[in-house]
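J.: Sharing a model that was predicted from the sequence below.
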Amino acid sequence: VPVSHIRNFSIIAHIDHGKSTLADRLLLQTKTVSDRDMKAQFLDTMDLERERGITIKLQAARMAYDASDGNQYVLNLIDTPGHVDFSYEVSRSLAACEGALLVVDASQGVEAQTLANVYLALEHDLEIIPVLNKIDLPGAEPDRIKQEIEDIIGLDCGNAILASAKQGIGIDEILEAIVYLVPPPQETVERPLRALIFDSYYDSYRGVIVYFRVMDGTLRRGDRVQLMASGKEYDIDELGVLSPMQIQVEDLHAGEVGYLAASIKAVEDARVGDTITLVKPAAPEPLPGYVEAKPMVFCGLFPTDADQFEDLRDALEKLRLSDAALQYDPETSSAMGFGFRCGFLGLLHMEIVQERLEREYNLDLITTAPSVIYWVTTIDGDVIEIDNPCNLPSPQEREKIEEPYVRIEMLTPEEFVGPLMELSQSRRGDFKDMKYLAQGRTSLVYEIPLAEVVTDFFDQMKSRSRGYASMEYHLVGYRENPLVRLDILINGEPVDPLATIVHRDKAYYVGKALVEKLKELIPRHQFKIPLQAAIGSRVISSESIPALRKDVLSKCYGGDISRKKKLLQKQAKGKKRLKAIGTVDVPQEAFMAVLRL
Ligand code: GDP
Ligand code: MG
């Protein structure tokens, strides 16, 4: 295919604005996939993704489109994940494109993720085509939303396309716009090979399958290639295009998108953002923008049943083959026994991994509350990274603690500005900016410790804005704060997975609330259980769980059957996932108590 007949594009959107539905439509309209083969949301392959309605892993699809000018074009759609945890992957996908469809729900308007994605697309100089989706909805206000996009983003919406991905309206116009507005790739086939990896996955038969865009030169089956960041060399066993099923080809040239297999053992050997070049002649420089995605959020994973430790190790090892961003190290806890300290890109990534371990590997796990990475300067002047509160050096051994901060932008209707400012301030946020963008759209910017965001900030933001506000955040650096470790003692014994690092000024409040919460969550036993919160040797709060009465139902006077049932159900539920800590059975919820204060 001549480069002039290739168009590479992405679809960018806030979650639920219709990206996946539109992608399906484009595949149908170009007959890339037949109606019969079209499962709902073809590009979102994992069950988990479908259930949660989010796109986790991006993939690509090549379509042949007969345009109104009489020519046939190759359109490569490169899908992007729809969540902040994966924004690095979004940026690599966009780097592989010349244009982007900006999908905005015509009944909702511009949201935080819309803005964040547009900024990324602009950074890569992409041609942006605005599409107002869901115009079939009675609440759709395409004219108002067009104005909103112009006001907020500064994007000309004179030629914005009105569409309904669901009903198939505006799809031809979108395909024509891609051909006429998105520029073709540059003619760089004469240069040494450089191909950008924008996704990869693990296949147990062929090894890692790598998705890439050839930026310069030509790649042929049988070529010996080198990955410039990892330094590893491979022979290309298989080369092909994605239609979206894999179809083998002999070679791919600058501007084209495809996949390869080369007996690569694990995805960490072919990371997103790495550059593929030939061993001979090698490109002098890799493509710009490569970063090794690093975990930001950590938690402990322990099997409820100690016998499952080896199974958990095997499962993590397997998951890691397909997930380079997942990190894990063995952890031993006096309270919990043997488990792993695991690192994730963010909270969603953490939840996905936990769910996969339990569903696909049948493990019963206790998860401890998420933590971030602290930088601790010791009195010797060394800087150490602490991802587990238990390992924090004592106040005598440390000089200072620094913690990661994120810049968070919320878009909200004016009436929720007050409650959201209150929320941000209660989370130690520093106010940075407030801007009225358009009717019903005020932007609030704060810099907040990441530790305060990973503890249910998103849910709080949603509930305080009745679901109307949206947010987006990214890391801005580390800052020193007076932080202390808060220990929890159950029955007089410190329980290390319940230890947290908190701001000195909040320690008393958190300790008190945590102990009260634990009192609610830990079931009664035959004996009285003291609960304490302490900083060092100083107890700042204490409570106790009274001993169990003989008959739990005795407190339901009279014959209120439904209440009795509820009580019994509650007990049965509490039994499901317990960890024996000394002589006390502690339920899973207790380990997450700090998230629900
Ligand atoms: P994504 O999160 O951006 O991938 O959004 P999805 O494609 O998963 O769509 C989110 C929801 O909006 C789904 O329930 C879709 O059926 C629905 N949806 C998508 N496009 C349209 C549309 O044009 N009209 C209507 N009424 N609903 C749509
Ligand atoms: Mg989707």
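T.: It's in. None of these values were measured; they are calculated from a predicted model. Ligands and ions are numbered 1, 2, ... in the order given.

J.: Tell me how many other residues surround Phe302.
T.: The local packing of Phe302 (other CB atoms under 10 Å) involves 26 other residues. All C-beta atoms are positioned from the backbone trio N, CA, C, and that covers glycine.

J.: For it, give me its contacts.
T.: For Phe302, the contact set (CB atoms under 8 Å, 6 or more residues apart in numbering) comprises Ser333, Met336, Gly337, Phe338, Gly339, Phe340, Leu365, Ile366, Thr368, Pro497, Lys579.

J.: and with 6 Å instead?
T.: Phe302 is in contact with Met336, Gly339, Ile366, counting by CB atoms under 6 Å, 6 or more residues apart in numbering.

J.: try Val257
T.: By CB under 6 Å, 6+ apart, the neighbours of Val257 are Ala60, Asn76, Arg213.

J.: counting contacts, what elements does the host helix or strand of Gln532 pack onto?
T.: For Gln532, the host element (DSSP states H and E) is strand 529-535. With contacts taken as 3 or more CB pairs under 6 Å, 6 or more residues apart in numbering; DSSP states H and E, strand 529-535 sits against strand 483-490, helix 507-521, strand 538-545.

J.: hang on, the earlier thing: just give me the closest of the contacts of Val257 to ligand 1.
T.: Ala60 (15.7 Å; CB to the nearest ligand atom).

J.: any idea how far Ile247 is from Ser204?
T.: 21 Å (CB to CB, to the nearest Å).

J.: Then Val445?
T.: From Val445 across to Ile247, the span is 46 Å (CB to CB).

J.: okay, the two: which has more neighbours?
T.: Val445 (17 against 12).

J.: So the more buried one belongs to a strand, correct?
T.: Yes. Applying DSSP: H, G, I helix; E, B strand; the rest coil, one finds Val445 inside a strand.

J.: Contacts for stretch 339-359 next, please.
T.: 83, 85, 295, 297-298, 300-302, 315, 325, 327-331, 363, 367, 388, 454.

J.: Of the residues you listed, which belong to helices?
T.: Mapping these onto helices (DSSP state H) picks out Ala315, Val454.

J.: So Gln588 sits against Ile522, correct?
T.: No. Taking contacts as CB atoms under 6 Å, Gln588 lies outside contact range of Ile522: 11.3 Å.

J.: More neighbours: these two, which one.
T.: Using other CB under 10 Å as the criterion, Gln588 and Ile522 rank with Ile522 on top: 22 against 18.

J.: what's near enough to touch that one?
T.: Residues in contact with Ile522 (CB under 6 Å, 6+ apart) are Ile545, Val586, Ala590.

J.: repeat that for 8 Å
T.: Contacts of Ile522 by CB under 8 Å, 6+ apart are Ile490, Ile529, Leu531, Ile545, Val584, Asp585, Val586, Pro587, Ala590.

J.: Shouldn't the last one be within a helix?
T.: I take that to be Ala590. Yes. Counting by three-state DSSP, Ala590 is found in a helix.

J.: contacting residues around the closest residue to it other than its chain neighbours?
T.: Once flanking residues are discounted, Ala590 sits nearest to Leu521: 4.5 Å by CB to CB, 6 or more residues apart in numbering. Contacts for Leu521 (CB under 8 Å, 6+ apart) come out as Pro587, Glu589, Ala590, Ala593.

J.: quick one: the residue nearest in space to the middle of the chain and ligand 2, what's the gap?
T.: Closest residue to the average C-alpha location of the chain: Asp85 at 2.8 Å, with CA atoms, centre = their mean. Distance of Asp85 to ligand 2, given as CB to the ion, to the nearest Å: 15 Å.

J.: let's number from 42 now, not from 1
T.: Let's use 42 as the start, then, which means that last one is Asp126.

J.: Once you drop chain neighbours, what's closest to that residue?
T.: Gly387 (3.4 Å).

J.: And the one you found, how far from Glu513?
T.: Distance from Gly387 to Glu513, by CB to CB: 12 Å.

J.: Can you get me a residue count around the nearest residue to Pro325 once chain neighbours are set aside?
T.: Nearest residue to Pro325 in three dimensions, chain neighbours excluded: Pro233, at 7.5 Å (CB to CB, 6+ apart). By other CB under 10 Å, 16 other residues sit near Pro233.

J.: So Pro233, which state does it fall into?
T.: Under three-state DSSP, Pro233 falls in the coil class.

J.: Over to Val255?
T.: Put simply, Val255 is strand when judged by three-state DSSP.

J.: Count residues in the vicinity of Ile622, would you?
T.: 22.

J.: excluding its backbone neighbours, what's nearest it?
T.: Per CB to CB, 6+ apart, closest to Ile622 is Ala376, 4.8 Å.

J.: For the residue in the stretch 442-591 of the chain that ligand 1 sits nearest to, name its beta-bridge partners.
T.: Ligand 1 sits closest to Ser511 of the stretch 442-591 of the chain, with a gap of 12.6 Å, by CB to the nearest ligand atom. As for beta bridges, Ser511 partners with Leu452 under DSSP bridges.

J.: Next, count neighbours for Thr624.
T.: Neighbour number of Thr624 under other CB under 10 Å is 12.

J.: what's near enough to touch it?
T.: Asn532, His566, Phe568.

J.: Identify the residue spatially nearest to Gln437, adjacent ones excluded.
T.: Ile420 (7.8 Å).

J.: who's in contact with that neighbour?
T.: Residues in contact with Ile420 (CB under 8 Å, 6+ apart) are Gln437, Glu438, Arg439, Glu440.

J.: element containing the last one, please.
T.: Right, Glu440. With DSSP H and E as the criterion, Glu440 is inside strand 439-453.

J.: which secondary structure elements does that strand contact?
T.: Judged by 3 or more CB pairs under 8 Å, 6 or more residues apart in numbering; DSSP states H and E, the packing partners of strand 439-453 are helix 153-164, strand 415-419, helix 458-467, strand 482-490, helix 491-495, strand 511-521.

J.: and with 7 Å instead?
T.: helix 153-164, strand 415-419, strand 482-490, helix 491-495, strand 511-521 (3 or more CB pairs under 7 Å, 6 or more residues apart in numbering; DSSP states H and E).

J.: Pick the most buried one from these.
T.: Comparing the helices and strands packed on strand 439-453 by mean neighbour count (mean count of other CB atoms under 10 Å), helix 491-495 ranks first with a mean of 24.

J.: Extract the C-alpha trace of that helix and format it as PDB.
T.: Extracted in PDB, the C-alpha atoms of helix 491-495 (Å, rounded to 0.1, in the frame of the first residue of the first chain):
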ATOM      1  CA  LEU A 491      -1.100  10.400  46.300                       C
ATOM      2  CA  ALA A 492      -1.700   8.500  49.500                       C
ATOM      3  CA  GLU A 493      -4.800  10.600  50.100                       C
ATOM      4  CA  VAL A 494      -6.000   9.900  46.500                       C
ATOM      5  CA  VAL A 495      -5.600   6.100  46.600                       C
END
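
J.: hmm, who's touching that helix?
T.: Defining contact as CB atoms under 7 Å, 6 or more residues apart in numbering, one finds that helix 491-495 is touched by 337-338, 388, 411, 413, 444-447, 449, 468-469, 514.

J.: Lowest-confidence one in those?
T.: Taken together, the contacts of helix 491-495 show their lowest pLDDT at Leu388, with 82.

J.: Which one of the helices and strands packed on strand 439-453 lies nearest to Gln267?
T.: helix 153-164 (27.6 Å; CB to CB).

J.: Can you check what angle separates the closest one from strand 482-490?
T.: Put simply, helix 153-164 runs at 80 degrees to strand 482-490, going by axes from the mean of the first three to the mean of the last three CA atoms, to 10 degrees.
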